[in-house]
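A.B. asks: fold the following.
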Amino acid sequence: MTVSAALSLPAAFLVFFPAFFFAGGGLRKWLPAEGSVFRGACFTGLGMGLCVTFLFFTGLCRLYRWETLIIFLAAAHLAGRRQWADWFRWLTLVCRQFLFGGNRLLITLSCALTAAVLFSMAACFFPETANDALCYQLNLAKIFVWRKATLPEPFDLNSYTPLFMNLLYGAGLMADSVVLSKLFHWWTGILLVACTSELIKTYTSQKTLAAAFGLSLFLTPTVLREMSTTYVDVAAGFFIFLGFILLLDTIRSGRTSGFIIAGLFVGFAVGVKVLVLLAGVPAALAICMTLRKFGRRFFFRAGLAFGAGFLLGAGYWFLRNFVLTGNPVYPYLGNLFGGVTFDYVGHFQEMGPPKSLTAFLLLPWNMTFLPEDFDRGYWIGPLYLVFLPLFIAGMIRDARVRLLGIMGMLYTALWYVFFHNARFLVPVYPFYLVIAACGAASLNLNTPLMFRLGRTFWGVVAVLCLGLILLAGRHARYGFVYLKGGLDQARYLSQLERSYSAAVWVDRNLPQDARILNAEEIRQYYFPREMVRNKWFQALTGYESLGHPDALASFLKGRGITHILTVERIGGQRREAEGYPLLQSLLKAPHLTVKLYDSASVNIREDRYQYRIYAMTNRQTGEGI
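C.D. replies: Below is the predicted model of the structure:
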C-alpha cells in the first residue's frame with residue numbers, strides 16, 4: 001500500500017469531510033432542526049456542491065489543480081474554525097445510527113452494521129477494477145487532472161455530461177490517491193444509510209426497525225458493492241434523498257425557503273447523474289400538492305424557489321454545453337438542437353423483459369429472480385421482495401409516508417420506461433425501506449398467531465441478511481488477499497482487470513506524447529496515454545467515407561494519431577475494428593501500419609481479450625512514428 005493510500009483515511013476525516021461540513025453550514029438557518037444526522041448530511045451535501053462548483057469554474061480557466069483545491073479547503077476550514085465541536089458532535093450522531101445499545105437483538109444488529117461499515121471502508125483500499133469507473137467515472141477525472149481543466153474532450157462524449165462526483169474524484173487523484181476518490185463516494189453511502197435509519201426511528205420510534213432496515217439498505221448488493229468504488233449511483237441516491245425529504249418537510253411546515261435548498265439538492269443529483277432528471281417529475285407532483293393546501297400564491301412561490309435552486313445546482317453544466325455546442329443537453333437530443341444524434345438510452349430501454357403493465361407490477365419478483373435482465377452485476381437482493389407486504393401496509397396505514405411512496409412509484413414507473421438498469425433505481429431503495437418500516441410498525445403482533453408469524457418472518461430476514469453478507473465476502477475475497485499482502489497491486493490488477501497488462505506495456509514502450517486510436521477498449525483508466533474512442537471519433541469525423549487506407553492514414557496523422565489499439569474478445573464473433581472496414585484495411589496495409597504488440601489478457605474473472613497495438617508508419621522509411 002502506498003503512502004498516499006495509507007494517509008487517505010485521516011485526510012478524509014480531518015481535512016475533506018470537515019471542509020464540506022463547514023462550507024455547507026453557512027445555510028444552516030434554512031435547514032431542519034438542530035441535532036440531527038439529516039441536518040449535518042445537508043451541510044455535507046451543500047459543501048460538496050460548493051466544492052464542485054468552485055472546481056468547475058476555476059477549471060474552465062484551466063486552474064483545476066491542487067493549489068486551487070487547497071484554496072477551497074483552507075477557506076472552508078477558516079470559516080469553520082470554531083465549528084470543530086459541532087463536527088465531532090455530529091459525527092458521533094452518525095456513529096449512533098450504527099451502534100445501538102439495549103437488548104441482544106439490537107447488539108447483534110449493531111455488530112452487523114459495524115461490520116458492514118468496516119467491510120465497505122476496507123473495500124475502498126482495493127485497487128479500482130469496477131467497469132464504469134475505468135470506462136468513464138475515474139477515467140474522466142484522470143483526464144481533467146491531466147489537462148488541469150474541466151473543459152470537455154471533443155472526442156469523449158461522456159465528458160459533456162454533468163460530472164459532479166468526477167470532479168471530486170479528480171481531487172483524490174490530485175493527491176495521488178484513488179482511495180481518497182473512493183472514500184468520497186463511500187461517505188455518501190454511509191450518510192444515506194444513517195439518514196434512512198434516523199428517519200425510520202423518527203417515524204416509528206423503534207430502534208430495532210431503524211437498525212434492521214438500515215442494515216437492509218446497507219446489504220443491498222447494488223449499494224454495498226458500489227459505494228466502495230468510483231461509481232456515482234449511491235451519491236445520486238444520497239442527494240435525491242436529501243432533496244425529497246427536505247421538500248416534503250418544507251411542504252409540511254409551509255415555509256418557502258426550504259424549496260430552494262431542496263431544488264439545489266435535486267440539481268446536485270442531476271449533476272451526479274444526468275439520468276436522475278427523472279426526479280423532476282415526482283418533485284413537481286409534490287409541489288403541486290401545495291396548491292390545494294396553501295393556495296395559488298404559495299404554489300407559484302414554491303415552484304419558482306425549487307426551480308431556482310435546481311438551476312443553481314445543475315444549470316451550469318447545461319450552460320457550458322450550450323456555449324460550446326449550441327445544445328445544452330449534448331450529446332443528447334441532437335435532432336432537436338441540430339448536430340449529430342447519439343442513441344444513449346436505447347441500450348437501457350432494451351434491457352429487461354418486454355414492457356407491459358403486468359411486467360411492471362412483477363418488478364419486485366423479476367428483479368429478485370431475473371437479475372440478468374437488470375444488469376446482473378448489480379442485483380437488488382431478496383429483501384425488497386420479502387418486504388413488499390410491509391411496503392403495502394405502510395402505504396395503506398401510514399398517511400405520513402404516502403406522498404413519499406407515490407413519488408417513489410412515479411420515479412420507478414419512469415425508470416421502467418427509460419432505463420432498465422437496477423443501478424439507476426438506487427434513489428428509490430431508501431424510500432421503499434422507510435415505508436416498509438412504517439408498515440411493520442403499524443402491525444399488531446400482540447396475538448399469538450401474529451407473534452409467531454412475525455418471529456418467523458424476521459427469522460427469514462436474518463437468514464437472507466447472513467446470505468448477503470457471505471455473498472459480499474465471496475465477491476471481495478481477492479481484495480482482502482491483496483490487503484493481507486498475498487498479492488501485490490500489479491498481480492492483483494493483472495488477474496482482475498483485463499486491460500491492465502496492455503496498459504503496462506503502453507506505459508513502458510510508447511512515448512509520452514503518443515495518441516492512441518482506441519478500437520475499442522472502453523476501460524481506459526489504466527492506459528497512461530491519450531486515448532481517442534474510435535466509436536465516437538468515426539461518428540464525429542465520418543472517416544469511413546474517405547474510401548482508401550492511404551487517405552485514412554493521412555487523415556489520422558493529421559489528427560495527431562500515432563498508434564491504434566484493437567481489441568478482440570477471445571471466442572467472440574468478431575473484432576471491434578471489423579465494424580469499421582476502412583480501419584481494418586489500414587491495419588492490414590504493411591506500408592501504413594506495423595504491429596508492435598499482440599497479447600491476450602490474463603484476467604481470471606470475465607472473458608479474456610486479445611490486445612493488438614499498431615504504430616502508424618512513416619511511408620518513406622516504413623518505420624513506426
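A.B. asks: remind me which residues of the stretch 351-500 of the chain are low pLDDT?
C.D. replies: Across the stretch 351-500 of the chain, the ranges flagged by pLDDT under 70 are 351-353, 376.
A.B. asks: quick one, helices of it?
C.D. replies: Shown for the stretch 351-500 of the chain, the helices assigned by DSSP state H, counting those that start in this stretch span residues 357-361, 363-369, 383-386, 388-397, 402-418, 429-442, 448-475, 477-483, 489-496, 500-509.
A.B. asks: let me have the ones you listed in JSON lines, extended by mean neighbour count and distance to residue 328.
C.D. replies: In this view, the C-beta of every residue, glycine as well, is placed from N, C-alpha and C. JSON lines is the format used below for the helices of the stretch 351-500 of the chain (neighbours: other Cβ atoms under 10 Å; distance: least, Cβ to Cβ, whole Å):
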{"stretch": "helix 357-361", "mean neighbour count": "11", "distance to residue 328": "31"}
{"stretch": "helix 363-369", "mean neighbour count": "16", "distance to residue 328": "32"}
{"stretch": "helix 383-386", "mean neighbour count": "20", "distance to residue 328": "36"}
{"stretch": "helix 388-397", "mean neighbour count": "18", "distance to residue 328": "37"}
{"stretch": "helix 402-418", "mean neighbour count": "19", "distance to residue 328": "19"}
{"stretch": "helix 429-442", "mean neighbour count": "26", "distance to residue 328": "30"}
{"stretch": "helix 448-475", "mean neighbour count": "13", "distance to residue 328": "40"}
{"stretch": "helix 477-483", "mean neighbour count": "16", "distance to residue 328": "41"}
{"stretch": "helix 489-496", "mean neighbour count": "17", "distance to residue 328": "39"}
{"stretch": "helix 500-509", "mean neighbour count": "18", "distance to residue 328": "35"}
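A.B. asks: between those, which one is nearest to residue 571?
C.D. replies: Nearest to residue 571 among the helices of the stretch 351-500 of the chain is helix 500-509 (18.1 Å), distances taken as Cβ to Cβ.
A.B. asks: how about the most centrally placed residue in the chain, what does it touch?
C.D. replies: Central residue of the chain (Cα atoms, centre = their mean): residue 232, 1.0 Å from the mean position. Residue 232 makes contact with 137, 164-166, 185, 272-273, according to Cβ atoms under 8 Å, 6 or more residues apart in numbering.
A.B. asks: where's the nearest residue to it once chain neighbours are set aside, which helix or strand?
C.D. replies: Excluding the flanking residues, the one nearest residue 232 by Cβ to Cβ, 6 or more residues apart in numbering is residue 165, at 4.6 Å. Counting by DSSP states H and E, the element that carries residue 165 is helix 164-174.
A.B. asks: how far does that helix sit from its chain's centre?
C.D. replies: Centroid separation between helix 164-174 and its chain, computed with Cα atoms, centre = their mean, to the nearest Å, is 13 Å.
A.B. asks: just the CA trace of that helix, in CSV.
C.D. replies: Provided in CSV are the C-alpha atoms of helix 164-174 (Å, rounded to 0.1, in the frame of the first residue of the first chain):
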residue,chain,number,x,y,z
PHE,A,164,-20.3,16.3,-10.2
MET,A,165,-18.6,13.4,-8.5
ASN,A,166,-15.9,13.1,-11.1
LEU,A,167,-14.6,16.5,-10.1
LEU,A,168,-14.4,15.2,-6.5
TYR,A,169,-12.7,12.0,-7.7
GLY,A,170,-10.2,14.3,-9.5
ALA,A,171,-9.4,15.9,-6.2
GLY,A,172,-8.4,12.5,-4.9
LEU,A,173,-6.2,12.0,-8.0
MET,A,174,-4.6,15.3,-7.4
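A.B. asks: what comes into contact with that helix?
C.D. replies: For helix 164-174, contacts defined as Cβ under 8 Å, 6+ apart pick out 8, 16, 48-49, 51-52, 55-56, 59, 64-66, 69, 137-138, 140-142, 144-145, 150, 178-185, 230, 232, 235, 268, 271-272.
A.B. asks: the helix or strand that it is followed by: which residues count as buried?
C.D. replies: Following helix 164-174 in sequence order, the next helix or strand is helix 178-204 (DSSP H and E). Judged by neighbour count using 16 or more other Cβ atoms under 10 Å, the buried positions of helix 178-204 are 178-201, 203-204.
A.B. asks: now find how far off-centre helix 178-204 is within its chain.
C.D. replies: Helix 178-204 sits 14 Å away from the centroid of its parent chain (Cα atoms, centre = their mean).
A.B. asks: and stretch 96-108, by the same measure?
C.D. replies: Here stretch 96-108 shows a centroid-to-chain-centroid distance of 30 Å under the convention Cα atoms, centre = their mean.
A.B. asks: likewise for stretch 438-449?
C.D. replies: A distance of 37 Å separates the centroid of the chain from that of stretch 438-449, by Cα atoms, centre = their mean.
A.B. asks: who touches the helix or strand encompassing residue 107?
C.D. replies: Using DSSP H and E, residue 107 sits in helix 104-123. Helix 104-123 is contacted by residues 9, 98-101, 186, 189-190, 207-208, 211-212, 214-215, 218-219, 224, 227-228, 465, 469, 472-473, 476, 479-480, 483 when judged by Cβ under 8 Å, 6+ apart.
A.B. asks: now with 6 Å?
C.D. replies: Helix 104-123 is contacted from outside by 98-100, 211, 215, 218, 227-228, 476, using Cβ atoms under 6 Å, 6 or more residues apart in numbering.
A.B. asks: just the ones of those residues in helices?
C.D. replies: Using DSSP state H, 211, 215, 218 are the members of those that sit in helices.
A.B. asks: the last one: neighbour count?
C.D. replies: Taking other Cβ atoms under 10 Å as the criterion, the count of residues near residue 218 is 28.
A.B. asks: my guess is it contacts residue 193. True?
C.D. replies: Yes. Between residue 218 and residue 193 a contact is recorded at 5.0 Å, counting by Cβ atoms under 6 Å.
A.B. asks: residue 157 reaches residue 535, doesn't it?
C.D. replies: No. With contact defined as Cβ under 6 Å, residue 157 does not reach residue 535; the gap is 9.2 Å.
A.B. asks: which of these two has more residues huddled nearby?
C.D. replies: Comparing residue 157 with residue 535 by other Cβ under 10 Å, the one with more neighbours is residue 157, at 20 against 17.
A.B. asks: how about the contacts made by the more buried one?
C.D. replies: Counting by Cβ under 6 Å, 6+ apart, residue 157 makes contact with 331, 536.
A.B. asks: residue 70: neighbour count?
C.D. replies: Counted with other Cβ under 10 Å, residues neighbouring residue 70 total 11.
A.B. asks: now the phi/psi pair for it, please.
C.D. replies: Note on residue 70: backbone dihedrals following degrees, to the nearest 10 are phi -60, psi -40.
A.B. asks: read off the pLDDT value for it.
C.D. replies: If you check residue 70, the pLDDT there is 96.
A.B. asks: kindly report the same for the one 10 residues further on.
C.D. replies: What the model reports for residue 80 is a pLDDT of 91.
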